[in-house]
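Student: Turn this into a structure:
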Amino acid sequence: MAELKIDALVFDVLGTLVDEPAGLRAGIRALAPSAGLSPGPSAVPSVGPSAVPSLDAPGTERLLLLWQRHIEREQRRILDGDRPYLPSDALDREAARIVAEAAGVEDQAAVEELAGAARRLPPWPDTVAGLARLAGRFPLIGLSNASRTALLELNAHAGLRWHQALSAEDARAYKPDPAVYRLAVTVAGRPPERLLMVAAHAWDLRGAQALGLRTAYVARPVGDPPAPSDRFDLYAEDLADLARQLELPQGV
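Tutor: As a prediction, the model looks like this:
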């Protein structure tokens, strides 16, 4: 650990500190009344044979996959220059419309409520205490693909506390575009190699690594695990493990 000299920690948010799929699932299940369904495990259409897909667990997962694929595809199109930049709020509204249509929901108020589910994401059990412990030693910077407005609501809902929260919207790009990581380097006022990027997504860490940041992978059930060829500086089971590896005593 002596060779790892860190002045600030930079955290991914979605998936790393909050359980994004859990929040989206809750929003999708809340569509059930608008779709004429019971939200329980045996949900069936209330009118007509197979009027809309079931919102049981498999049905919810199919709709969640629709949402995730849309966001991933459209962010990639923006990164590739095939589409003008749009903030995450706009992409979430698009995804919500696609999911609602697939569920047979036409109520616009229900669609807007579903889009807002992307801002109501629960923190992982170790997140709040882990950030507090790490903040006793390091400045903490949040660096998220969420828009400025979405990030504000995400932080408030999940109880995330930062010294600085940065949105990719400020770079009009999405990670892993280097411009997003430069936001953290500029704000920190330190060389990239003195910043530690913390994420549950190997693709995110590779992007930070390419700009010279040090990297820490934190395992999450919904993350993108490292490939055998990846060489990150730290590998942690959770934020408590990360604090231990950074040699923070329990009381800090």
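Student: can you pull out the strands in the stretch 101-250 of the chain?
Tutor: 140-144, 164-167, 195-199, 214-218, 234-236 (DSSP state E, counting those that start in this stretch).
Student: Turn these into JSON lines, including distance to Ala158, mean pLDDT and mean neighbour count.
Tutor: Heads up, the C-betas are built off the backbone N, CA and C, glycines and all. Putting the strands of the stretch 101-250 of the chain into JSON lines (distance: least, CB to CB, whole Å; pLDDT from 0 to 100; neighbours: other CB atoms under 10 Å) gives the following:
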{"stretch": "strand 140-144", "distance to Ala158": "11", "mean pLDDT": "98", "mean neighbour count": "24"}
{"stretch": "strand 164-167", "distance to Ala158": "12", "mean pLDDT": "98", "mean neighbour count": "20"}
{"stretch": "strand 195-199", "distance to Ala158": "16", "mean pLDDT": "98", "mean neighbour count": "27"}
{"stretch": "strand 214-218", "distance to Ala158": "16", "mean pLDDT": "98", "mean neighbour count": "25"}
{"stretch": "strand 234-236", "distance to Ala158": "19", "mean pLDDT": "98", "mean neighbour count": "18"}
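Student: and the longest helix for the protein?
Tutor: Secondary structure of the chain read by DSSP state H shows that its longest helix is helix 57-79.
Student: What residues sit buried inside that helix?
Tutor: Of the residues in helix 57-79, those buried under the neighbour-count criterion (16 or more other CB atoms under 10 Å) are Gly59, Thr60, Arg62, Leu63, Leu64, Leu66, Trp67, His70, Ile71, Glu74, Gln75, Ile78.
Student: Name all residues that make contact with Pro21.
Tutor: Each residue near Pro21 by CB atoms under 8 Å, 6 or more residues apart in numbering is listed here: Leu64, Gln68, Val222.
Student: now Gly15
Tutor: For Gly15, the contacting residues are Ala200, His201, Arg220, Val222, Gly223, taking CB under 8 Å, 6+ apart as the criterion.
Student: can we see that at 10 Å?
Tutor: Contact analysis of Gly15 by CB atoms under 10 Å, 6 or more residues apart in numbering lists 21, 121, 124, 199-201, 204, 218, 220-224.
Student: Would you mind measuring from the closest residue to Glu237 other than its chain neighbours to Leu195?
Tutor: Nearest in space to Glu237, with sequence neighbours left out and distances taken as CB to CB, 6 or more residues apart in numbering, is Ala219 at 5.6 Å. Distance, Ala219 to Leu195, by CB to CB, to the nearest Å: 21 Å.
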